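Visitor: Whatever this is, show me its structure:
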Amino acid sequence: MNKIWLIIRREYITRVRKKSFIVTTLLIPIMMFGLISLFVYMAVKSEQKQTIVINDESGFFVHKMDTVQKSYSLLYEKLKSGESNSDLLKRTDADIYLHIYPFKNNQPDSIHIYKEGGVSLSAKEFISSEIDQIFQIKQLEDAGIDKAQIDSIQNSSIDIRSFDLKDNKETNSEIASSIGYAMGFLIYLVIFIYGAGVMRGVMEEKTNRIAEVIVSSVKPFQLMMGKIIGIALVGLTQFVMWIGLMMLLQLLIPLLVPGVADMLHGGMNMPAEMQGQVGNIAKGENISVIQSVLNQNWGLIIGCFLFYFLGGYFLYASMFAAVGSLVNEDPQEAQQLTIPVTMPIILGFIIMATSVKDPNSTLSVFGSLFPLTSPIVMLARIPYGVPAWQLVLSMVLLVVGFVFMTWVSAKIYRTGILLYGKKTSWKEVIKWMRYS
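Guide: Predicted coordinates:
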């Protein structure tokens, strides 16, 4: 055990002191912050108003389109004699030209939109929805139907609430699926990123012939376990630092992009009555969401996340370490050998995507019990509530799977770490496991 601790300490200190660790730890949050700031800046800039000049030859849509829409300002103007569409846009200093032709058979004959460089999807959707709404009102009035009554019927809804039969607490499927998907996706990333890190670490020591020196002092199994745990601690350190840096950097976004505050409080441009109605609705929805979040069994969720986080990482890290011991100096060889390891991870992610929609399906239950997919799938099911026997069985199978996979990987690692200059096939690997 003392030798494993020495290897863990060596792995941790040597990797944390590397320039690559310092650069990536600082650079990735800065890059993420830059991308977020860029998206926010572009979103704020996209809020700038565009002017639409409307030439309504039908005379029906004049001054009926929405003038409260904050993204567009409307003005009505007709073409002068000999004036082109481009000339009209220049004269009115507008961005978009909307030409509504006269009615034929009691409906618009044709409607054309012009803009230099093409019309954006949002502008086309705005114009289309406004014209459709106005024309639908006209058709309802012609048919003798009161539009207000139609709107009242269409906007009416029945409040449906769901409860857990065990403790009679209110549940929210959307919140449960969001939590489950986020945790499962995080485990998926951790297994891929840090599992591959273990494989690269083993490959480095093998190609540099450092492994030969180390194996002369410690057993291959001790070396493999020390490397897995050491790299796990490095990844955990980096992960915690990323979270802290991202939280600090996000506080700078409102300072760098002043318009973000206005964008977040865009409702200020609404009429006072509408603001009050929207505020009451939002307040009620927020209370419901908060209550649903609080009703989650966070003790169980966090505990299971830590268990499956560690179990999933150690299970796959041992497999990646075994694969790394088989690779010589050809990167393509590593890609081919990792396929059997990465396929179950991808399968787990696919099952997780279906589990957040139907957590009690046969496929979801199987995925949450099978050790190679349970770290990802089970976390997607836990917020919905999982039977105790399934959770216990899943944990036991994961522990058994980890022990078995570590034993198998150690057999491969013991032979592969000292094998040089020969391309290894899976047939030979199976022989190692049988006879070692």
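Visitor: use CA for all of it now, contacts and neighbours both
Guide: OK.
Visitor: Now for Lys357, how many residues are close by?
Guide: Neighbour count for Lys357, taken as other Cα atoms under 10 Å: 16.
Visitor: Using the three-state scheme, assign it.
Guide: Three-state call for Lys357 (DSSP: H, G, I helix; E, B strand; the rest coil): coil.
Visitor: Correct me if wrong: it contacts Ser177.
Guide: Yes. With contacts counted by Cα atoms under 8 Å, Lys357 reaches Ser177, the gap being 7.2 Å.
Visitor: Go through stretch 400-409 and flag the buried ones.
Guide: Buried residues in stretch 400-409, counted by 16 or more other Cα atoms under 10 Å: Gly401, Phe402, Met405, Thr406, Val408, Ser409.
Visitor: what packs against the helix or strand harbouring the last one?
Guide: Spelled out, it's Ser409. According to DSSP states H and E, Ser409 maps onto helix 388-416. If contacts are counted by 3 or more Cα pairs under 8 Å, 6 or more residues apart in numbering; DSSP states H and E, helix 388-416 sits against helix 220-250, helix 298-326, helix 362-369, helix 426-435.
Visitor: Would you reformat these as TSV and include mean neighbour count, mean pLDDT and distance to Met343?
Guide: Listed next are the helices and strands packed on helix 388-416 as TSV, based on neighbours: other Cα atoms under 10 Å; pLDDT from 0 to 100; distance: least, Cα to Cα, whole Å:
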stretch	mean neighbour count	mean pLDDT	distance to Met343
helix 220-250	19	78	21
helix 298-326	22	84	12
helix 362-369	21	91	14
helix 426-435	12	70	16
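Visitor: Let me see the domain layout of the chain.
Guide: Listed domain ranges for the chain are 50-150, 174-250+292-435 (source: automatic domain parsing).
Visitor: Other residues contacting stretch 341-351?
Guide: Stretch 341-351 is contacted from outside by 184-185, 188, 192, 316, 319-320, 363-364, 367, 372-374, 376-377, using Cα atoms under 8 Å, 6 or more residues apart in numbering.
Visitor: Any buried residues in that stretch, and which?
Guide: Buried residues in stretch 341-351, defined by neighbour count with 16+ other Cα under 10 Å: Val341, Thr342, Ile345, Gly348, Phe349, Ile351.
Visitor: for this structure, what's the longest strand?
Guide: For the chain, the strand with the greatest residue count under DSSP state E is strand 50-56.
Visitor: who touches it?
Guide: Strand 50-56 is contacted by residues 62, 71-79, 89, 92-102 when judged by Cα under 8 Å, 6+ apart.
Visitor: at 7 Å instead, please
Guide: The contact list for strand 50-56 (Cα atoms under 7 Å, 6 or more residues apart in numbering) reads 62, 71-78, 94-101.
Visitor: Just the ones of the residues you listed in helices?
Guide: Among the contacts of strand 50-56, none falls in helices (DSSP state H).
Visitor: Go through the residues you listed and flag which are in strands.
Guide: Tyr72, Ser73, Leu74, Leu75, Tyr76, Ile96, Tyr97, Leu98, His99, Ile100.
Visitor: and Asp109, what does it touch?
Guide: By Cα under 7 Å, 6+ apart, the residues touching Asp109 are Tyr101, Pro102, Phe103.
Visitor: The second one and Glu57 touch, don't they?
Guide: To tie it back to what came earlier, the one meant is Pro102. Yes. Using Cα atoms under 7 Å, Pro102 is in contact with Glu57, at 5.1 Å.
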